[in-house]
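Trainee: Here is a sequence with its predicted model. Questions after.
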Amino acid sequence: MGAHTHGHAVTATGKHRKSLVLVVAITLAVVVIQVIGAALSGSLALLADAGHMLSDAAGVFIALLASWIAARPATARSTYGYQRAEVLAALANAIILVVIAVVITIEAIRRLGDVTEVRTDIMLVAAVLGGAANLVCLLILHGGHKESLNIRGAYLEVLGDLLGSIAVVVAAVVIAMTGFQQADAIASILIALMILPRAWSLLSDVINVLLESAPKGVDPATIREHILKVEGVVDAHDIHAWTITSGVPVFSAHVVVDSESLNAEGVDRMLDRLAHCLSNHFDTEHCTFQVEPLEHAVHESHQHA
């Protein structure tokens, strides 16, 4: 005997789709400004920041596309729909970030030995405009970065862009005041170093989802202890907790119930108790209980003995 409560809910990314669209538009506009600025000024740091922002725009666009795909209804073959597409998009974002960081570092090291004169006035203006746009994007994404891996990925990328823009501004000021042209290449390396930790953090979360690890803050052993306290419950086993995509945790368990409680109150009443118990520790929208009479559990244990 079992019960489940699978509903078709809007994913965490889907809730903030309009914010993502706005961020993509702002980011692409800044990319154009910074690429032109990099071409006119000869700044690698500015070009690196533009490349990072372009990867951010591409990543957010992938997240948007994935959220639309994830909203498609489930089918007989894809029983959870296409919600896992959002996680794959976050994986693509992380990989893009790593590639960008490596390319920037290689070019910056080459530039350290081949000094290129930089026009700091154009470099400074473009960097300041980029930083201002990044601040706006951070404010737009702030409300959803704790709910969705993709929103978090976009938020962290924009935060990195802001730090990158600050690095470019500092480099421009240093070059203008001291003539130390290598500051541009050094700023580029700093931008790359800021990208890698964020990429690793996002990649780590994605791997946990793909490996179906328990969601953060969820301890299956603790949940089992609470289930065992429900009146009539004798045992609980085969407990699993995992995540389909951001904001969609899943739980399942086999619950052994004594025959007296099951006969007196029925399966419906027992399921209500279990759902109420679980609601204090887990999102019960996607949970499944297999209720087993004590006699069946004993019979099953003999079969596996």
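Mentor: Structure's in. What do you need?

Trainee: which helix is the longest one in this protein?
Mentor: helix 149-178 (DSSP state H).

Trainee: helices or strands next to that one in the packing?
Mentor: Applying 3 or more Cβ pairs under 8 Å, 6 or more residues apart in numbering; DSSP states H and E, one finds that helix 149-178 contacts helix 12-15, helix 17-41, helix 44-70, helix 85-112, helix 120-141, helix 183-210. Using the backbone N, CA and C atoms, a C-beta is placed for each residue, glycine as well.

Trainee: and R119, backbone torsions?
Mentor: Dihedral pair for R119: phi -90, psi 110, per degrees, to the nearest 10.

Trainee: can you pull the contacts of it?
Mentor: R119 is in contact with 40-43, counting by Cβ atoms under 8 Å, 6 or more residues apart in numbering.

Trainee: And it, how close does it get to Q34?
Mentor: 14 Å (Cβ to Cβ, to the nearest Å).

Trainee: just for the stretch 151-300 of the chain, where's the confidence low?
Mentor: Where the stretch 151-300 of the chain drops to pLDDT under 70, the residues are 246-247, 264, 281-285, 296-300.

Trainee: Hmm, D258 is touching L294, no?
Mentor: Yes. D258 lies in contact with L294 (Cβ atoms under 8 Å); the separation is 5.2 Å.

Trainee: Which residues are in contact with each of those two?
Mentor: With Cβ under 8 Å, 6+ apart as the test, D258 and L294 both reach V234.

Trainee: Give me the buried stretch members for the longest helix of the chain, please.
Mentor: 149-172, 174-176 (16 or more other Cβ atoms under 10 Å).

Trainee: for stretch 39-47, same thing?
Mentor: 41-47.

Trainee: can you redo those as CSV with distance to I95 and pLDDT?
Mentor: Shown next, in CSV, are these (distance: Cβ to Cβ, whole Å; pLDDT from 0 to 100):
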residue, distance to I95, pLDDT
S41, 30, 88
G42, 30, 86
S43, 26, 88
L44, 23, 86
A45, 23, 88
L46, 24, 89
L47, 21, 86
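
Trainee: just checking, what packs against the longest strand seen in the chain?
Mentor: Ranked by number of residues, the top strand in the chain under DSSP state E is strand 233-245. With contacts defined as 3+ Cβ pairs under 8 Å, 6+ apart, the packing partners of strand 233-245 are helix 85-112, helix 183-210, helix 220-228, strand 248-257, helix 294-303.

Trainee: Who does the fourth one pair with, and is each partner parallel or antiparallel?
Mentor: By that I understand strand 248-257. Using DSSP bridges, strand 248-257 pairs in its sheet with strand 233-245 (antiparallel), strand 287-293 (parallel).

Trainee: what is the orientation angle of the last one with helix 220-228?
Mentor: What that stands for is strand 287-293. 50 degrees (axes from the mean of the first three to the mean of the last three Cα atoms, to 10 degrees).
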